[in-house]
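Visitor: I would like to see how this sequence folds:
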Amino acid sequence: MREAGKRLARVMEDLKKAARPGMKTIELDRLAESLILKQEGKPCFKGYDGFPAAICTSINEEIVHAIPSARILKEGDILTIDAGLSYKGYNSDMAITFPIGKADPEALRLLRVTKKALKRGIKKTKAGNTIGDVGNTIQRFVESQGFSVVKDLCGHGIGKDLQEDPKVLNYGQRGKGEKIKEGMVLCLEPIVSMGNGEMKEGKDGFSFVTADNSLSAHFEHMVAVTEKGPRVLTEIKTLNIRR
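Guide: Here you go, the predicted structure:
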């Protein structure tokens, strides 16, 4: 799983470098599938519950699961790429949100807050803590910054299946929920809205969008629980939301 995570992070770095104004999201999907195959992996999103693409490309008010299409990226958009790679029977999963060209300062603040929420959640992903400890930490930080957690979506366990128990909520109460144990591998993924956090189904049949049309951001890492603490398996060193 560590190797799957490394290979997916390399793919994500290349996708972020390639994304630019004037590009169609379907072009990113074709590139993603090619890069995943070059990493000796398989695009584990493709065909999952009928999803037709290798990656999800959610723009602005699109929260998650948007199908790549002929939609063209524009200067000032914020783009979320959610991708998965299977390697030797084990899955990896991660997501990043970043600006296309120059974005509005408040949009950039949304990205910084969401990324920091993920980092804070990861620090709580230790054996002996609970899923509620992780969610509570994420929620309190996001709300302290004036944004909202999208409560209808959550993280998950991962392994030979792309989505496994437990569900990793982005809200909760300290000390509540399942105990975190050494050996678990969890996908933490704060999903944050500038608005009230409510969502509705998108037109493509797979995506969800913000109900109030506000911007949304999404960061996800795959995290292993070890005796030495949380270990991020999908680290992407070059990610910088400032451009």
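
Visitor: Now do the contacts for Gly128.
Guide: Lys179, Ile180 (Cβ atoms under 8 Å, 6 or more residues apart in numbering). Backbone N, C-alpha and C define where each C-beta goes, glycine included.

Visitor: Recalculate using a threshold of 7 Å.
Guide: Neighbouring residues of Gly128 by Cβ atoms under 7 Å, 6 or more residues apart in numbering: Ile180.

Visitor: next one: Gly132
Guide: Gly172, Gln173, Arg174, Gly175, Lys176, Gly177.

Visitor: how near is it to Arg2?
Guide: 27 Å (Cβ to Cβ, to the nearest Å).

Visitor: ok, now Gly128?
Guide: 23 Å.

Visitor: How about Gly197?
Guide: Distance from Gly197 to Arg2, by Cβ to Cβ: 33 Å.

Visitor: which of the two has more neighbours?
Guide: Legend: neighbour count by other Cβ atoms under 10 Å for Gly197 and Arg2, higher for Gly197 (25 against 15).

Visitor: for this structure, which helix is longest?
Guide: Ranked by number of residues, the top helix in the chain under DSSP state H is helix 105-123.

Visitor: For it, list the C-alpha coordinates in PDB.
Guide: Listed next in PDB are the C-alpha coordinates belonging to helix 105-123 (Å, rounded to 0.1, in the frame of the first residue of the first chain):
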ATOM      1  CA  PRO A 105      -7.900  35.500  -2.500                       C
ATOM      2  CA  GLU A 106     -10.800  34.100  -0.600                       C
ATOM      3  CA  ALA A 107     -10.800  30.900  -2.800                       C
ATOM      4  CA  LEU A 108      -7.100  30.500  -1.900                       C
ATOM      5  CA  ARG A 109      -7.900  30.900   1.800                       C
ATOM      6  CA  LEU A 110     -10.500  28.100   1.400                       C
ATOM      7  CA  LEU A 111      -7.800  25.900   0.000                       C
ATOM      8  CA  ARG A 112      -5.400  26.700   2.800                       C
ATOM      9  CA  VAL A 113      -8.000  26.100   5.500                       C
ATOM     10  CA  THR A 114      -9.000  22.700   4.000                       C
ATOM     11  CA  LYS A 115      -5.400  21.600   3.600                       C
ATOM     12  CA  LYS A 116      -4.700  22.600   7.200                       C
ATOM     13  CA  ALA A 117      -7.800  20.800   8.400                       C
ATOM     14  CA  LEU A 118      -6.400  17.600   6.800                       C
ATOM     15  CA  LYS A 119      -3.000  18.100   8.500                       C
ATOM     16  CA  ARG A 120      -4.700  18.600  11.900                       C
ATOM     17  CA  GLY A 121      -6.900  15.500  11.300                       C
ATOM     18  CA  ILE A 122      -3.800  13.400  10.400                       C
ATOM     19  CA  LYS A 123      -2.100  14.300  13.700                       C
END
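
Visitor: Pull out the buried positions in the helix or strand following that helix.
Guide: Downstream of helix 105-123, the first helix or strand assigned by DSSP states H and E is helix 131-144. Judged by neighbour count using 16 or more other Cβ atoms under 10 Å, the buried positions of helix 131-144 are Ile131, Gly132, Asp133, Val134, Gly135, Asn136, Thr137, Ile138, Gln139, Phe141, Val142.
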